[in-house]
Structure formats: C-alpha cells, structure tokens
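Chemist: Requesting a structural model of the entry that follows:
(chains A and B)
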Amino acid sequence: MTKKVRGRLLMYMVLASVLMACQPDIAPPTEEEKGRIENDVTNDAPEPNLPTDGPSDESQNGSSEPNGPAPEDGEPSETCEPVSPTLRRLNRTEYDNTIRHLTGLQLGLAQDFPNDDYGYGFDNIGEVLSVSPLLVEKWANAADVVVESIFSANIVRTTQTFEAEDLGSSVGGATANGWNLWANGSISTIAQLEAAGTYRIRVRAFGMQAGNEPARMAISVDGNQVAVLDVTAADGNFQVYAVNVSRPAGPAAIEVSFINDYYVPNVADRNLIIDYIEVDGPLEPAPPTDVETYRALMICDPDELSITDGISLLEAENACARIIFSAFGKRAWRRPLTGEELTRLDAFLDLAREEEEGFAEGIQLGLRAILLSPHFVYRVELDDDIAVNETRRLNGYELATRLSYFLWSSLPDAQLFEKADDGRLLDPEELALEVERMLDDPRADAFVQNFVGQWLFTRGIHDAFPDIVAYPMWDDGLRLAMEQETALVVQELLREDRSILDLLDAEFTYLNERLAAHYGIDGIVGDEMQRVAIPSQSQRSGFLSHGSFLTTTSHPNRTSPVKRGKLILEQLLCIAPPPPPPGVEGLPEEVDPSASLRERFEQHRQDPNCISCHELMDPFGFALENFDGVGAWRDTDHGFDIDSSGMYMGVTHFEDYQELAQLMKNDPLVPDCISQKSLTYALGRGLNETDVCTVGQVHESFAEDGYTLKGLLHAIAGSDAFQKRRREEESP
Amino acid sequence: MTNHSRTAPETAGQKSGTQSPKAVPAATPANVHPHKDSILNSDSNEKRPPGHPSRKTDVPEPGTNKRRQVRNLGISRRTFLKGAGVSMALPFLEAMAPGMVRAQDQLRPKRFMAFFVPNGIHMPGWTPASTGSNFELSPILSPLSGLRSEISVLSGLSNVAATPQGDGPGDHARGTSCFLTCAHPVKTEGANISIGPSVDQLLAAHLSGQTTLPSLELGCEGGGSTGGCDSGYSCAYSRNISWRSATTPAAKEVNPRSVFDRLFAGFVPGESQETLARKLRYKQSILDFVLSDAQSLSNRLGQKDRMKMDEYLTGVRELEQRIELAGQADEGPSCQPFERPSGVPNQLQEHVRLMLDLVVLAYQCDMTRVATFMLGNGGSNRSYGFIGVPGAHHEISHHQNDPAKHAQLQTIGTWEVEQLAYFLDRLAQTQDGSGSLLDQSMVLFSSEIADGNSHGHFDLPVLLAGRGGGTLQPGRHIEFGNDMPIANLYLAIMQNMGMDIQAFGDDGDAALTGL
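Modeler: I've put the predicted structure just below:
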C-alpha cells in the first residue's frame, strides 16, 4: 500500500482516538455500535486486518501503529470479494423515471407513494427500502393509471350533438329551432361514450318566462339527476347550459326535463324551448406523446397479421400478444421473459375473451400485471446457479440494470439492452464506452440530482424553512436557484472532466438575477441560471459559499456553526462525530447573553464533555459565520465582528473559509470520502470491512485520474463489488 | 296544459354524477344514519316546500366561470364501497327495540387512535396539580375545558424500551419507534432494523377482515430530502410510530388527497353490477399473477431477500382480502364523504385538521377502526412562527431551563392540545349508535419523550380520551407512580378492543386497571 494511504490511515487513527475520548461517561458501545465504529474505521483506512473485537482495541489503534502483517501493495488486478446487496426495490425517483422512460409518459405517480426511508445517507439502500401494504396498494393503482393513460391516448375527444326535435319526448311539440316542452316533461337520448372520463353535457335552451321564477331544467344521466338549472334566457335568445359528469364507457341515457311548468289560461304560460343536447368528451386531455406511446407499445395489429399471414384472428391475436408482451416485458423487467412467463401472460387474453371483451383489454391486463410484478418493482438478481458463498459475475442484463440505476436512476436504454443481449457489455472496454456514453446523456443529470443532492445535502433545501421575520428576502425562487447552482457547477465539472475537488474553490458558478443579487454580485439579468466567472476578490468561491449548503445547515432563524461543521466533517471528510450526550445539545444555560455567538460557544466548549468533539467540528462552522442563515454575506452578527479564523483538524491555522477550502482541497481524506459515499450510493448498501479492498482500489484509480467524477464512476463501474455477486447463506 | 300537479319531491343539490334521487328528513351533517338506503345530505336540513327553487349546480355558458361547489356527496355506503371495491355487512342495531340499544352499543365497534406529537411536552405546564376527578386542567390542557369529563390524564407512565441501554444518544428516534412498540430498537443506520410490532398494527391484525382498511397511518411531516435523522439511527425509526413487524414500518400518508382517494377512489357513478364484478375478477387475476411471481421468486432468494419478498407478499394478500370483501358487499350504514381535498394545505393547522377529519370520516363510515397520527416526525425541527414561535422546535425543546423557551414550548404544547381538542370534538359530535363516536373510541395522546431537555422516558405526558365503548371511565387525573410501564396501558387498550393478550413489548406484563 502506498505511503499516502498509510499516512491517511495514521491520521485517521489519531482522529479516532480523539473521537473515542469525546464521551468518557457514556456506556461502552453495543455489539451493533461496535460494528458501526469498526466499519467506519475500516472504511476509511484501506487496511485489511484491523482488530475487530472490543472498544479497547480501538483505543490501542489510536495510540500505536497497527501491528498486523504488512499490507500488500494494492495492485489493480487484485480481486476484491463482492458482497450481495439486499434485494432492492425501486425508490420513488427510480419508479417515476422508469415509467417515464418505459412509456414516454411523465405521470409523477410516485409523488403519491409513501416516503422512502434513508440509510447511510441515501434513499436507495436495499435494507432500508421496506415495502408496506400501503406501497403495494399504490403500486397497483399506479400500474392501472399507467396502462389506462397509454390506452386512453388512443381515445379521441368527440362531440355528439342531438337536435331536440329528433329526440323522443314525453310532451311538447316542434317549434322554430327546437322543441317546446310546454308542460312538465322531458326529451331524452342515448349517447355512446367511448371511454371512461369526464363528459360535458350542454343544452341550448331558453324559457318562455312567466310567473315569479325562471323556467327550470333538470338534466339526468341514467336516471340520476345531475343538475337542476335556472334557464334565465328568454324570448328566443338561446343560451347554452352545461354540466360535467364523470362516466364509465358505454351507453349513457340523457334526459332533459322541464320541471316548473306554470300556466294561467290566457294570462301566463311558462315553457322550456330546447335547441339541442351535446355530449362532449372525454375532457381529460391526451397529449400527442401519449399517442406515440400507444403506437410504440401496440407494435402488432391482429387484424393486419391475420390477413398478411393468412391465419385466423384468434391465432393472430395470440401471436400479437406474444410480440407485445415480450417487447414491453423485457424492458420493464430489464431482462427477456421466459417462455413460462409469457404463457402465463397469455392467460389474460383468454380471461378478457371469457368476459366478452377484446384483444385490447387482454393486453391491458397483461401490462398491469407486468407493472405490479415483483420483477418490475424490485431489481432482481438471482444466485441459484451457484453454491452458497460462491461468487459470480453479473450477467449482461444485471450489469446494464445496475449501471442504469446508478448513473440514470432509471432503466437501461435500447443500446444497453443490445449490448446485454450479445454480452458485449461484459467486455471492460465496451463497458467503459457505455459509461462514457451514459454520462454524456442528459439522463445523467439524475446522478447529480440524486447522488450529489444527497451527498451534499442540497436536496435538503426543500426541507429548509427560514423564518420570514429573520429573513424577509427568502422565497421559493431563491430556494430553487440555490439548488440549481450546486447541481450546475457539479455538472460542469463532470462534463469538462475536471477534478471534483475544484468544487471547493471553483472560479465560476451559476446564478440568475435573483441569486446574484442575494450574493451581492452585480450585472446578472434574468431568471435563467447562467455561468458566472467569480471575480478574484469576491467573497464567494466554491461550495462552502453556496446558498444551498449554507441554508440547509442553518436553523430557521439563525446560523448553526455546529450543523455546518457536522456536514463538512461527515459528508466531505467521512468522520462521524459522535452525537453529544443527552442534555448538552444546544447552547448552554450559563452563558453571558451579552457575548457574541462565537464567544458563547467558546464558553460552552470549556465543558470537558464537549471540548474534544467541538474542537474538531466548530472551526468549520465559525469559518462560515460571514454567511447568514440563508447564505447572504454579513460583516457582523448582531453587532459583533465575525472572526472566521480557526484551526483545521486542530493542527493547521486558517484565516478564513477560503483558506479552509484550500486545506480541504489538499487533504486526501476528502477524495477518499467521496469514494466511500459514491460506492455506498452505487451499491445500495452500507460499506463494511469486506469493502476496504474495493474502496482502496476505487480511490487509487480516482487519484490516478486526477479526481475527476468520470474517473471515479468508471472505477466504480469496473470494480468487482459492482460487477459481481456472492450467494448469501441460506436461512437457518 | 292545465295539469300542474307537482308530485315529485325535489332533491337537494347533487354533485354531478352522484346517485339516488331520494330525499331524507333533516339530519345533521356529521351524523351517521344507519337506516337502510338512507342518503344523508347537509342540504336536506333546509326543508323546502314543494316547488321552492332548488339549487343550481351550474351556470350557463357563456357566463361567469365560477362553479358552485357542492359540499356533500350523498352516497350510500354500499354504493361507494362497492365502487372502491369493498364493503362490509354490519348489524343494524337501530332497527332493534329502543330499550335494547344501550346494551347493544357495547357490541358496536370500538376505535383506537394514537395521536403523536414530537419533542416532548413542557411538563410543568402539562401535569394537573391535583389527581382524581376534580383535577384542574393545566395551562397546556386548557383547550380541553369542554371535554374534561371525556379525558383522563395518566401520570407516571414510562417507556423503558426507549432508554439508551448502552446505545448512547438518539432518544428521539428511539422514543418515536418505541412509542407504540415498547420494544428496544436495534441501533442501526440501515442494516438489521429491528424493533417490534406496534399496538395499532396488532389491533389491525386482530380486526382484520372486518373493515375495508385494517388501519390508517397518517402524519403531517413526510420524510426529508436527505438522510441523517438521529444519531446513528435509520430515519425509519424517527419517522414511523406504526410497525407491522419488527422490520417493516407501516408507512404513513401525509397528503389528505391521497388518503381520501384511498378511502373513496374507484367509485364510478352509475357503474353496473356486472362491470364492477368484472373489474374485481380482473384485479384478482392480476394479483394471482404477481403472487405466483413473488412465490416462485421467494423460493430462489437468500434469507435477507426472502424477508423483503415477504413484505411484498403481505401487501398483495391484503389487497386480495379487500377484493374478497368487495365480493360479499352488503348494505351498511351510509356516511358522507366531504369534498376531495386538493392536496396538502399550506397552513399547518388546516393540514392537521383535514387529516383528523379524514380519521373521523373513516370511523364514521366504518372503513377502519384503527388509526395513528404523527403531527410531526420524532425530533421535528418545524418552525411554529404562525403561533409566534419561530425557530426550530427540536432546538427550542433543548430549553436549558431558559424561561423564554419554556414559554415557547408551552405555546406549542397548548396549540397541539388544541388540535387534539378539535379531533375529540368532532368525534363527540358524530353519532354512533345511541351515543357518539367518542363514546366508542380510545384516543391516546403522547410524545416520544417527556421533557425535551433531559430526553426522559419516565413520567411521560399521556392522555387517554373517550369511553372505549364502556370500557373506560374518563374524567380523572390518575397517578401511577413513576415506573409503571406504558406497555401495561397498551395491554389494557388491546384487551378493551377484544384481544386476548397478556404481555406486550419489553415490559408489559399486566394490563392497567382502573382506567
């Protein structure tokens, strides 16, 4: 192993001993906790043979060099043992993206699913993504809605018009332009509705008015009154009266009645004159892309096939169903369907026939089943061809699926399927080409949004609720611009193949007028986010000055140096400060209220319970005190001057956050931490000691590539942990 | 043109497409009227003489776009439940002799609700000064003044399972996950989550098959958009009080529209029996297909993965059960859904009340008898600026004995109890049998910890409301010492709901008596 890695290890050991000393009065850790601490230690330190039992060993580690056998030099060809992640279901983001890329329909159905739980900082961790009955219910409904949406796209909105004088009536007679209901009675008709949906019933009418109220009209559908309307129009001036009704497909009996006849012979006569009844719908719009979706799905027409192949319609329907289910099923389940599975899907065609419904209905049933099946909602990888504890390489489809959910949060595209079909994807060179292509695809934005958004907590901006009194300038425009700023900067670093570490001191950023004004930067006009070169003397540079980070880590009405420090420590350096013991969170009681926030913290840190941890954490936060709770610059805090200097890791002095950023940029802990975070996200599980080897390999490769994100993602995609599985133990 | 007899009774305004032209005698909107075929509609209160103008449901086109909203849909329970694919037969107790009713009420369904508020309660402002039936309401409990005879304050209950027991910090996650489970959770970020089934889910399993939904899990705070919840505990622990099993939380709904749809979706006015039956057969065949997929898959999976597949199988079987119930649809009491909510209201109080309204509605329609409600997630950092308490709730709850923070916590606590009072009022005003829904309910109100600063799990703030169908005698402040397991309260609740259970959680061994 390299000197650099050894140095990191040593540094970590020192830190670990500091951390262990943080809480002298806390009970010894439980078995689970021990596991966690060991994992943290081993994750960070690519040494294969750290002692693994008992907290005393860890304090030993802190005070001396590990004395195990000397580690072998890491060679790229070294094989790392894979671990199998727990069966992963699609999370909400993945579900919506998958449906979108599968059907072309952007339905956002998962917005209505229960929230995904988080583990190890991410929402794609198999062990934590549980399935409640509520979720299964939502999946079932969503499958129905998807299929309905595809097929309703083929339904065209129509208007059926029925002239009143042509209709059956219980009373009255024809008159100029209409039918005169001269006593209580009705006219009626039957409209054929092509699809379930909302229909608008319009009746053009006027009243021959008399008495002290206008003529009144009732509209009924299938015997149910849906509206009673005052027809105030008079004297031949027809007006249209309308009501919306929600109806299933099929015939609908529509009846329009006159219900308040009034008649005093030779003095007054109230009648209702009707011109026509119109039924318009379904009103639910079918966007043009939906029609394409329908065509892309219904790739076989039984009528045509029966003619071209000279087979019976029944045979043609069965043949078409095979073709349609095979094509859709393969994409949905991310692998070809077996013959047995296709046969079981065929049964839906028979079922629809039994119910005297057609081919289209049978197809819809099959599609609903495909979308509710565990093969769709889970990413299934099976090990039944190998023995327990044996490892195997993923097949092409499994690898394509892991890749596409890693980089796109969605299903593989046609090209990935092709390369899975012929196994080319398993060739490392082809794989590298695919990773490159995938990162150039707009779908890779999902990686930035989901991985970076969770790693750097920028997604948390949606949960931040700055207090309106403390920050009257805050609004959703600012919120959105801040989230985009960080994402756009990372996207540029990815696209331009630059070191991800440049995020800490990038000489550019992305702003719109609103955010630029908030940052005190002039000359930016418009709502569009645009690339802005940062002037050399600017107060802003790098991620530490991004509003997204600064706001997410603040309290609603003030900054939180602790939260900011904690995020930097945990997310950028992968050092987890143990949480404070109960009762010592927040500002202590015996502080001098006339002191500045920093001075009050310093007093608090005099407490021996607190000092060791806070010495590590707080300097990061204090360095950023020039940014208020929503990331605006300030020179003073409640009248106190801001002192942004501090000690990095208790060792190196820095004057302000920009110097701090430089120290971090040169600290190998940062790229190592990025490797760990991205591996956790890629593998969908917490890392453990088995992964030390993988983390080491990935990090080497990342370093050799100048710490570019692309280099990192290539390294992960090529790693054994990503490409292989091990069969787990059977249940006892 | 001389015949002007007006015989047809006019119906109240009906929303487009709703059924049933029958009018019924006046009834208050909130009441259930379990008579066969009865249709309730608030408008029927306005008794109109024949020929009096009826309501306009739409305006002419062209003209103003402002459509008149129809407030209530009068639909018989059977009708919409069939639509939703579910319905259930219930005894028609009111048809029996009046003298029987009282006794029969005890056989009526009982309901359970757990109302969770985050970050503890400012205990000096909560605990009544005196015990017994003449206790005086404390400042935080003051919103319950009209309901004093319907609530009991239970002091001195503890939840030992939530204490660290060597696991260090994380009391919010622990207290929340232990809230209804009383089982010490395994501290983990993700791997091997383990706690225990919660009271509500045990009740739901016990009552399974009797109502459309075994239980409702609601809240007003979803997840966050990032990880990191509480001190090394997976967010699952601090965001769920309902646990189906040791490993699977029962996810909660935060969007009132989704809850409403869950209760009432699928109702297509005027749909024929045949169409409905066909739809159910289709649904069943789809479930058969995916069940078969899941079962054959399960046989090929390792142990961990098989547990995941079990969660799926449970969910599918529950859907199957609903379809089965729908097949046996029969007449039931009618009730009235209100308008479909449009989404999550911007104002918290409106959001809370809409969720609580949905619970009342679900009880009223007997679509479920078990519900949980999380006003916020454990350790919530919500700001209460709208009642004059800006700043993060969790941070304020670490009050460090600052009197200003005490006052703020009292303000928040009082507001929380106001929301409880709203819910209890709604239950009290809703008729059920010869009494009210509140008479038939047991409503638990508490938090994951007692005091926010010390994170204590002893002498928790606990309130139990309702008469539990005659099993509770509320109206008292009862003191249980300081180490009576709250699990014993849960045992009493479960026994009152008809369960044969003698032990629960880590320390529940004898049901509390004298409630």
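
Chemist: Let's see the distance spanning stretch B:191-198 from one end to the other.
Modeler: Terminal residues of stretch B:191-198 lie 20 Å apart, using Cα to Cα, to the nearest Å.

Chemist: quick one: it near chain A?
Modeler: Yes. Legend: contact between stretch B:191-198 and chain A by Cβ under 8 Å from any Cβ of the partner chain is shown at B:191, B:192, B:193. Backbone N, C-alpha and C define where each C-beta goes, glycine included.

Chemist: Would you mind listing which of the residues you listed are buried?
Modeler: Buried members of these, counted by 16 or more other Cβ atoms under 10 Å in any protein chain shown: B:191, B:193.

Chemist: Show me the shaky parts of chain A.
Modeler: Scanning chain A for pLDDT under 70 picks out A:1-78, A:153-155, A:285-291, A:577-595, A:600-601, A:603-610, A:612, A:730-732.

Chemist: Looking at it, which strand is longest?
Modeler: strand A:268-281 (DSSP state E).

Chemist: Report whether it contacts chain B.
Modeler: Yes. Judged by Cβ under 8 Å from any Cβ, strand A:268-281 comes into contact with chain B at residue A:269.

Chemist: Counting by contacts, list what that strand packs against.
Modeler: strand A:158-163, strand A:178-181, strand A:185-193, strand A:197-208, strand A:215-221, strand A:250-258, strand A:262-264 (3 or more Cβ pairs under 8 Å, 6 or more residues apart in numbering or on different chains; DSSP states H and E).

Chemist: Quick one: closest of these to residue A:335.
Modeler: strand A:197-208 (35.6 Å; Cβ to Cβ).

Chemist: Go ahead and measure how far that closest one is from the middle of the chain.
Modeler: Here the centre of strand A:197-208 is set off from its chain's centre by 44 Å, with Cα atoms, centre = their mean, to the nearest Å.

Chemist: just stretch A:179-189 next, same as before
Modeler: Per Cα atoms, centre = their mean, the centroid offset for stretch A:179-189 relative to its chain is 56 Å.

Chemist: List of residues touching that stretch?
Modeler: A:162, A:164-165, A:167-174, A:208, A:253-261, A:263, A:269, A:271-274, A:277, B:1, B:3-4, B:6 (Cβ atoms under 8 Å, 6 or more residues apart in numbering or on different chains).

Chemist: which among these end up buried?
Modeler: The buried subset of these (16+ other Cβ under 10 Å) comprises A:162, A:164-165, A:167, A:169, A:171-172, A:208, A:254-261, A:263, A:269, A:271-274, A:277.

Chemist: and residue 440, how many neighbours?
Modeler: No chain in the question, so chain A it is. 12 (other Cβ atoms under 10 Å in any protein chain shown).

Chemist: hm, I was asking about chain B
Modeler: Residue B:440: 25 surrounding residues under other Cβ under 10 Å.

Chemist: can you check residue B:205 too?
Modeler: Neighbourhood size, residue B:205 [other Cβ under 10 Å]: 15.

Chemist: which residues does it contact?
Modeler: Counted by Cβ under 8 Å, 6+ apart, residue B:205 has contacts residue B:214.

Chemist: what do you get for residue A:694?
Modeler: A:80, A:679, A:719, A:720, A:721.

Chemist: now residue B:190
Modeler: A:119, A:120, A:125, A:127, A:128, A:685, A:686, B:234.

Chemist: so what pLDDT did it get?
Modeler: We have a pLDDT of 77 for residue B:190.

Chemist: Which secondary structure state does it sit in?
Modeler: When classified by DSSP: H, G, I helix; E, B strand; the rest coil, residue B:190 comes out as coil.

Chemist: Would you map the strands across the stretch 251-400 of chain A?
Modeler: Taking DSSP state E, counting those that start in this stretch as the test, the strands found in the stretch 251-400 of chain A are A:262-264, A:268-281, A:378-379, A:391-393.

Chemist: what does the stretch 101-250 of chain B give?
Modeler: Using DSSP E, counting those that start in this stretch, the strands of the stretch 101-250 of chain B run over B:111-117, B:151-158, B:216-219.

Chemist: so which of those strands comes closest to chain A?
Modeler: strand B:216-219 (7.3 Å; Cβ to the nearest Cβ).

Chemist: Which other helices and strands does that closest one contact?
Modeler: Applying 3+ Cβ pairs under 8 Å, 6+ apart, one finds that strand B:216-219 makes contact with helix B:348-364, strand B:370-374.

Chemist: hey, least reliable of the ones you listed by pLDDT?
Modeler: The bottom spot among the helices and strands packed on strand B:216-219, by mean pLDDT, belongs to helix B:348-364, with a mean of 94.

Chemist: the inter-axis angle of that helix versus strand B:111-117?
Modeler: For helix B:348-364 against strand B:111-117, the angle by axes from the mean of the first three to the mean of the last three Cα atoms, to 10 degrees is 170 degrees.

Chemist: Show residues contacting helix B:348-364.
Modeler: Contact partners of helix B:348-364, identified using Cβ under 8 Å, 6+ apart, comprise B:30, B:32, B:111, B:113, B:213, B:216, B:218-220, B:256, B:259-260, B:263, B:335, B:337-338, B:341, B:344-345, B:368-369, B:371, B:373, B:375, B:382, B:386, B:415, B:419, B:422-423, B:426-427, B:430, B:432, B:437, B:441.

Chemist: 7 Å instead?
Modeler: B:32, B:111, B:113, B:216, B:218, B:220, B:256, B:259-260, B:263, B:335, B:337, B:341, B:344-345, B:368, B:371, B:373, B:375, B:386, B:419, B:422-423, B:426-427, B:430, B:437 (Cβ atoms under 7 Å, 6 or more residues apart in numbering or on different chains).

Chemist: before we move on, what about stretch B:402-419?
Modeler: A:589, B:117, B:121-122, B:125-126, B:139-144, B:352-353, B:375, B:384, B:387-389, B:393, B:396-397, B:399, B:452.

Chemist: Find the centremost residue of chain A, please.
Modeler: Geometric centre of chain A, nearest residue: residue A:93, 2.6 Å, by Cα atoms, centre = their mean.

Chemist: Next SSE downstream of the host helix or strand of it?
Modeler: Using DSSP states H and E, the element containing residue A:93 is helix A:92-103. Counting by DSSP H and E, the element after helix A:92-103 in chain order, helix or strand, is helix A:133-152.

Chemist: Low-confidence regions, the stretch 201-350 of chain B specifically.
Modeler: Within the stretch 201-350 of chain B, the ranges that satisfy pLDDT under 70 run B:225, B:227-228, B:265-271, B:326-335.

Chemist: dump the residue contacts of the residue of it found nearest chain A.
Modeler: With Cβ to the nearest Cβ as the measure, residue B:315 is the residue of the stretch 201-350 of chain B nearest to chain A, at 2.8 Å. Neighbouring residues of residue B:315 by Cβ under 7 Å, 6+ apart: A:131, A:132, A:133, A:135, A:136, A:137.
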